[in-house]
Structure formats: C-alpha cells, structure tokens
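J.: I'd like to go over a predicted model; first the sequence, then the structure.
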Amino acid sequence: MSVLVPFDVDAPAGVEVRTWAGGELPEQHHLDQVQVHVLPYTFDDDSFAAVPRLPRLRILQTLTAGYEHVVAHLPAGVTLCNAGGVHDASTAELAVALALAGQRGIADFVRAQERQEWSHAAYSSLADRRVLILGAGGVGRSVATRLAPFECEVTLVARTARHGVLPVNQLPHLLPHAEVVIVAVPLTDQTRNMVDARFLARLPDDALVVNVSRGAVVDTDALVAETGSRRLRAALDVTDPEPLPPGHPLWSSPGVIISPHVGGNTSAFWPRARRLVEQQLARLAAGQPPLHQVAGPTLGP
C-alpha cells in the first residue's frame with residue numbers, strides 16, 4: 001500500500017510512505033501507486049492539487065474535523081475520513097476561554113491596560129449561569145466536560161436525543177433560559193444559518209453566543225443586529241465571511257470578541273494528528289476499516 005502524507009510517520013510493514021505538504025508534487029509514477037492521501041493541514045485549494053493525479057486513490061484523510069470544504073474535491077468511489085478527536089481538546093479549551101473572556105470582561109481589561117487605565121467594574125460570572133451547548137459530538141462533549149468544574153448548569157442539544165442530550169426541537173423552550181450558548185455543530189445543509197434571527201431573538205438580554213464551529217452556522221447579519229444594539233454579546237473563533245475583511249461591522253460591534261479560527265491549531269494538534277494517521281495506516285495494513293468515515297462509500301472489514 002502506498003500513502004501520501006504531509007509529515008513523517010511510523011508506518012507498518014508493507015506501507016510505502018511519500019511525503020507532500022504542498023508545493024511541487026512527487027513524480028507521477030509515485031503518485032500512480034498512492035491509495036491513501038492525507039491532505040495538508042490547510043483550507044487552501046492548493047492542498048487538493050494531488051487528488052486528480054491519484055488514479056488508485058481509495059481513501060482521502062483530512063486533518064480537520066470539518067470536511068465541508070473537501071466534499072467538492074472528493075472523487076467518485078473514494079472514501080473520505082475526517083480528523084475525529086484530533087481537535088476536540090484544543091477547540092474545547094478555546095470555547096471555555098472565549099466564554100470566560102466574554103463573561104469576565106477580559107477584552108475590556110486588555111483595552112484598559114493599553115490606555116493605562118484602572119477600570120474597575122462588576123462582570124457576570126460563569127458560575128451559576130445556564131450554558132447551552134449546541135452540538136454533542138466530540139467537541140461539544142469535551143466542552144461540557146471542561147465546564148463541569150465551573151459550577152454552571154450545562155445542557156447539551158443535538159439533532160437526535162440520547163442519554164444526557166436533548167433534541168433540537170426543544171430549542172424554542174431552552175433558548176429563553178440560556179445565558180451562554182456555545183455552538184459546536186458541523187456545517188451541513190441542516191446547520192447552515194441555524195443560529196438565525198429567530199434563534200437569537202429567543203435568547204435573554206445580555207446572553208453570550210460563543211461559536212467554535214463554522215462561521216456560516218450563524219447568520220452574520222442577524223448577529224450584527226443583536227450585538228450592535230447591545231442586547232447580545234458574542235465570542236467568535238469563526239466568522240462568515242472568513243477571513244473577516246477590514247471594515248466589516250463585526251470588528252467593531254460592541255461586546256464582540258474575535259479570534260482568527262485558531263480553535264484546533266495548538267501544540268496539541270501535531271502529535272494527535274500523527275497518532276491518528278499512524279492508527280489509520282495500522283488499521284488498513286491489518287485489513288480493518290478506517291476510522292471516522294464521513295463521506296463516500298463506507299468501507300467495511
């Protein structure tokens with residue numbers, strides 16, 4: 001089995017490894033043998049340059065949890081796997097950090113420090129707040145685990161109900177009581193603009209919306225309207241559009257904190273990404289199906 005990966009890995013016996021992280025591709029006679037391709041860790045279209053030149057490709061592996069940007073490049077008959085679990089811890093850390101920063105006024109303190117101004121004020125705690133996590137996948141569950149010591153009331157909501165998770169059809173009843181909403185769903189046709197004007201209007205005054213999923217899950221115009229009136233606040237790692245262009249009203253909207261889509265990009269990423277790739281290769285070499293299949297034909301044992 002021949003694989004094309006963006007970094008060195010310890011591969012099992014019988015697996016030939018070629019590395020490519022962008023730039024000039026390996027010679028075509030090497031690409032002709034590749035059956036598994038791990039995409040470079042980027043959202044740039046250049047990361048797909050090898051895909052059309054891999055005639056024997058069977059599995060395309062992303063290093064991102066979201067995969068909506070990959071589907072258009074997925075050849076017929078090729079199985080797509082995402083980086084399930086790789087980004088959970090880092091993204092959950094940032095979600096909690098953004099929630100704390102939004103509640104405790106960290107952005108205000110930073111601006112006051114730049115002015116050398118001692119600006120004492122009372123802010124809302126995270127303790128005793130009602131927190132609704134939208135999405136109960138790996139990231140959503142990791143956020144819930146990290147919030148447990150903060151003495152807040154956490155409710156998980158997902159597409160389907162299960163133990164400890166309420167269904168999305170309960171949102172109209174839950175949102176009026178949610179003081180912090182953390183969005184951690186994948187971007188799909190069903191979740192695009194899920195957090196729209198009606199969703200936001202149901203939230204109580206001064207609620208905080210934290211988005212660590214994809215920008216397009218939230219209706220940007222509706223969010224700008226709510227934050228611009230100072231009724232709601234937001235802490236966003238992702239935006240729509242992205243990157244957020246200069247002059248966009250979100251930059252200056254009151255009560256909004258923006259980080260530049262860095263949820264998963266931490267020191268924890270690379271060792272976890274390498275472990276995932278090595279685990280996938282070991283499974284394939286042993287005749288087992290890959291983990292985290294999200295599109296294309298499902299591969300069985």
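T.: Thanks, I have it.
J.: got a list of what the residue positioned nearest the centre of the chain touches?
T.: Taking Cα atoms, centre = their mean, the centroid of the chain lies closest to residue 213, which sits 4.2 Å from it. Residue 213 sits next to 66, 135, 139, 183-187, 191, 238 when contact means Cβ atoms under 8 Å, 6 or more residues apart in numbering. (C-beta placed from N, C-alpha, C; glycine too.)
J.: tabulate these (TSV), appending secondary structure.
T.: Below are those laid out as TSV (DSSP: H, G, I helix; E, B strand; the rest coil):
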residue	secondary structure
66	coil
135	coil
139	helix
183	strand
184	coil
185	coil
186	coil
187	coil
191	coil
238	coil
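J.: what is the nearest of these to residue 3?
T.: For the contacts of residue 213, the residue nearest residue 3 by Cβ to Cβ is residue 66; the value is 22.5 Å.
J.: my read: the closest one touches residue 187, true?
T.: Yes - using Cβ atoms under 8 Å, residue 66 makes contact with residue 187 at a distance of 6.1 Å.
J.: which neighbours do the two share?
T.: Counting by Cβ under 8 Å, 6+ apart, the common neighbours of residue 66 and residue 187 are 213-214.
J.: using the record's domain definitions, break this structure down for me.
T.: Each domain of the chain is listed here as a residue range: 2-86+266-295, 88-258, per automatic domain parsing.
J.: what's the pLDDT at residue 95?
T.: Residue 95 carries a pLDDT value of 98.
J.: excluding chain neighbours, what is closest to residue 22?
T.: Closest residue in space to residue 22, ignoring its immediate chain neighbours: residue 40 at 5.3 Å, by Cβ to Cβ, 6 or more residues apart in numbering.
J.: for residue 227, same thing?
T.: residue 253 (4.3 Å).
J.: kindly report the same for residue 292.
T.: residue 84 (3.7 Å).
J.: and the helices in the protein?
T.: Counting by DSSP state H, the chain has helices at residues 28-31, 88-104, 106-114, 138-147, 171-174, 197-201, 220-228, 249-252, 269-285.
J.: for the fifth one, buried residues please.
T.: Right, the one you point to is helix 171-174. For helix 171-174, burial by neighbour count (16 or more other Cβ atoms under 10 Å) applies to 171, 174.
J.: now that helix: mean pLDDT?
T.: Averaging pLDDT along helix 171-174 yields 98.
J.: that one - contacts with which helices or strands?
T.: strand 153-158 (3 or more Cβ pairs under 8 Å, 6 or more residues apart in numbering; DSSP states H and E).
J.: in space, what's closest to residue 83 - neighbours in sequence excluded?
T.: Nearest one to residue 83, counting by Cβ to Cβ, 6+ apart, is residue 63 at 5.0 Å.
J.: what pLDDT is listed against that neighbour?
T.: For residue 63, the model assigns a pLDDT of 96.
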